[in-house]
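>>> pasting a predicted model and its sequence here:
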Amino acid sequence: MKHPLATLGLAWLLAHSLTACGGSGGGASPAPATPTPNLATTSSIGDFPDPFVLVDGATSYAYATNGNGAHVQLLSSANRVNWTRQPDAMPTLAPWVRAATPDIWAPEVLKLAANRYLLYYTGRDNASGKQCVGVAEGTQPAGPFVDKRNAPLLCQVAEGGTIDASPFLDSDGQLYLYAKNDGNCCGQPTTLYAQKLSADGLSLAGPAVPLFRNTEAWAAHVIEAPFMWKRDGAYQLFYSGNAYDSAAYALGLAHCTSPMGPCTLHPGNPVLKSNLTSTPPLIGPGHNALFNVGGTDYMAYAAWQVTASGARGSVRYLYIDKVDWVNGVPTVTGPSLMP
């Protein structure tokens, strides 16, 4: 049965590793800039988990969790079909990040001015041993981004730590940060939080407000990867749930009355889930981010490789698809292997 986002148009794909939410990654060094072929027909780009796409002028930038010798993987493209690997966007670790196991995950970049970019990311905290959220500064979208802090920007140690930070700039100029407590690491519930940021994006400006917890049966023990999107004046909060490395991993949606909630879970959740009858088939899609080009919304997300036997493979692919909105609900037709 077809429902919103159940079958998806595949714009292009990249291979992903197991180092996404719930995985682990090691240290890194800058990766050489090498051209890559059309990603609609190849996965030779290598591991590229937890994708985020920033469109800045005529160039698009894709960021991902650590891998391929980089703390923050980075690709650039003039057409969002042919991509070039760039050097590590954050080659130097912050003082608060544990060097031996930095676990740099889920980077997202916010442009605040012509020469001011902020990169929010997850890293392993030296002091607590938990994964926490940091923010690094750069003068261009390719970086290098630098975080000189001695402590994380946000770390809910009592709740297992904090991961999957996602910034949101509202039309009134107020900045917000969305994140998830890492309770599933420690047998605790997981909650998505919203929090105001200062005008410069470098500090918290108020308490963290819980939006909702993992109460839906499909999400099981964990919800994560929050991403806020404003469309036609309505606030739509996307998130992922269930075990990231399983076919049960899926994408949920909540309708919020403001950036700080309250939020109502979409009754059709999950809005994006595994579909082995599509072409190509999908296993465990999730951890999405939206971007806009020429007035059209697009979604970047990850889904697992499917082997010839129909099983989950060892890598994940990046999908980018056009998003249509019907009565406030995102829909995507497909899938397709066309750029």
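Thanks, I have it. Just so it is clear, the model here is predicted, and its values are computed rather than measured.
>>> C-alpha from now on. contacts and neighbour counts both.
Noted.
>>> L192 and N181 touch, don't they?
Yes - applying C-alpha atoms under 8 Å as the test, L192 and N181 come out as touching, 6.9 Å apart.
>>> for these two, indicate the residue with more neighbours.
N181 (28 against 23; other C-alpha atoms under 10 Å).
>>> hey, what's the more buried one bridged with?
Beta-bridge pairing for N181 (DSSP bridges): T162.
>>> ok, it touching Q188?
No - between N181 and Q188 no contact is recorded; they are 9.3 Å apart, counting by C-alpha under 8 Å.
>>> what's the overlap in contacts for the two?
E159, G160 (C-alpha atoms under 8 Å, 6 or more residues apart in numbering).
>>> what about the spatially closest residue to S203 that is not a sequence neighbour, distance to G206?
The shortest distance from S203 to any non-neighbouring residue, by C-alpha to C-alpha, 6 or more residues apart in numbering, is to L197 (5.9 Å). Distance, L197 to G206, using C-alpha to C-alpha, to the nearest Å: 8 Å.
>>> looking at those two, which one has more neighbours?
Remark: of L197 and G206, L197 carries more neighbours, 20 against 11, as counted by other C-alpha under 10 Å.
>>> any weak-confidence spans in the stretch 101-250 of the chain?
The model of the stretch 101-250 of the chain has no residue with pLDDT under 70.
>>> strands along that one, start to end?
According to DSSP state E, counting those that start in this stretch, the stretch 101-250 of the chain carries its strands in the segments 105-113, 116-124, 131-138, 162-169, 175-181, 191-197, 209-213, 223-231, 234-241, 250-256.
>>> in JSON lines, list those along with distance to K148.
Output for these, formatted as JSON lines (distance: least, C-alpha to C-alpha, whole Å):
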{"stretch": "strand 105-113", "distance to K148": "17"}
{"stretch": "strand 116-124", "distance to K148": "13"}
{"stretch": "strand 131-138", "distance to K148": "8"}
{"stretch": "strand 162-169", "distance to K148": "18"}
{"stretch": "strand 175-181", "distance to K148": "20"}
{"stretch": "strand 191-197", "distance to K148": "18"}
{"stretch": "strand 209-213", "distance to K148": "27"}
{"stretch": "strand 223-231", "distance to K148": "25"}
{"stretch": "strand 234-241", "distance to K148": "30"}
{"stretch": "strand 250-256", "distance to K148": "34"}
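>>> out of these, flag the one nearest S278.
Nearest to S278, of all these, is strand 250-256, at 15.5 Å by C-alpha to C-alpha.
>>> list the contacts for the residue nearest to S203?
With C-alpha under 8 Å, 6+ apart, L197 has these contacts: Q174, L175, Y176, L177, S203, L204, A205, G206.
>>> now swap in L276 and tell me
L282, I283, G310.
>>> and those, which of them are in strands?
I283 (DSSP state E).
>>> and the contacts of L197, which are buried?
With neighbours counted using 16 or more other C-alpha atoms under 10 Å, these contain these buried positions: L175, Y176, L177, L204.
>>> could I get these as a markdown table with distance to A247?
Shown next, in a markdown table, are these (distance: C-alpha to C-alpha, whole Å):
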| residue | distance to A247 |
| --- | --- |
| L175 | 34 |
| Y176 | 31 |
| L177 | 29 |
| L204 | 36 |
